[in-house]
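S.K.: Build me a structure from this.
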Amino acid sequence: GWNEKSINSRRRWTSWTETRRLDVKLNPTTAHQCLVLSDDGKKVRDGAKTQKVPDTPERFDEFGSVLGVNSLTSGRSYWEVEVSNKSGWDLGVARADANRKGKLSLSPDDGYWVIVHYEDERYAALTAPPVCLSLRGKPQKVGVFVDRQEGLVSLYDVTARSHVFSFTECSFRGEIFPYFSPHLEKNGTNSAPLIISAVKRK
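M.R.: Below is the predicted model:
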């Protein structure tokens, strides 16, 4: 049942979070022209104006999105993203061959496994059709756990140590990458960056 799955995934998360932290960095060649990335590839925010960048095939041209450089080719991967002071964001994974041009359909069939936060208090899993999520509070940090072999993408509220949602039976086919969108800044709100948490070296 779902609860059992949730408990198992939480247990699995706890056992994997510390051991397999992936040092995710953002890939500037995929970033929409409005996005400002930090030099270390760990932060992304809406710059509120377009920059002159080459329109390459791998770049998002309408959605303010960016991928990580890390190809999640095998096994299990886990990373954490600080989302405090944000009223909107997308987090998840995307297939390498997923469409990045124009208005995107962010669904598993289109190669996107994504959770969205919008209007400051709403959350949804972008399944087809989307599922509204009720979270106990506003996460300050979100963990993303991917298991290639199991076809699993799970998202967690790290602060509350609670499971948010799992996409199961994902057909990844080929390369997949971490996916991020800080959403647009509106009149000074939501201008904070998404920040990929540093991996503590043991």
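S.K.: Just want to check the distance between Y123 and H32.
M.R.: As judged by Cβ to Cβ, to the nearest Å, Y123 and H32 stand 22 Å apart. Glycine gets a C-beta too; all of them are placed from N, C-alpha and C.
S.K.: What segments of this protein are helices?
M.R.: Listed in chain order, the helices of the chain (DSSP state H) span 2-17.
S.K.: Lowest average confidence across helices and strands of it, where is it?
M.R.: helix 2-17 (a mean of 60; mean pLDDT, DSSP states H and E).
S.K.: which stretches of the chain have low pLDDT?
M.R.: 1-19, 201-202 (pLDDT under 70).
S.K.: residue nearest the centroid of it?
M.R.: L91 (2.1 Å; Cα atoms, centre = their mean).
S.K.: Bridge partners for that residue, pull those for me.
M.R.: Beta-bridge pairing for L91 (DSSP bridges): I115, F180.
S.K.: I'd guessed it sits against E82; true?
M.R.: No. Taking Cβ atoms under 8 Å as the definition, L91 is not a contact partner of E82, at 11.1 Å.
S.K.: Could you pull up the contacting residues of A94?
M.R.: By Cβ atoms under 8 Å, 6 or more residues apart in numbering, the contact set of A94 is 67, 111-114, 176-177, 179.
S.K.: distance of it from Q33?
M.R.: Taking Cβ to Cβ as the measure, A94 falls 18 Å from Q33.
S.K.: just A198 next, same as before
M.R.: The span separating A198 from Q33 equals 27 Å under the rule Cβ to Cβ.
S.K.: Could you do Y179 as well?
M.R.: Y179 is 17 Å from Q33, where distance means Cβ to Cβ.
S.K.: higher neighbour count, the two?
M.R.: Set side by side, Y179 and Q33 show more neighbours around Y179, with 24 against 16, by other Cβ atoms under 10 Å.
S.K.: Now the more buried one: closest residue in space that isn't a chain neighbour?
M.R.: A94 (4.2 Å; Cβ to Cβ, 6 or more residues apart in numbering).
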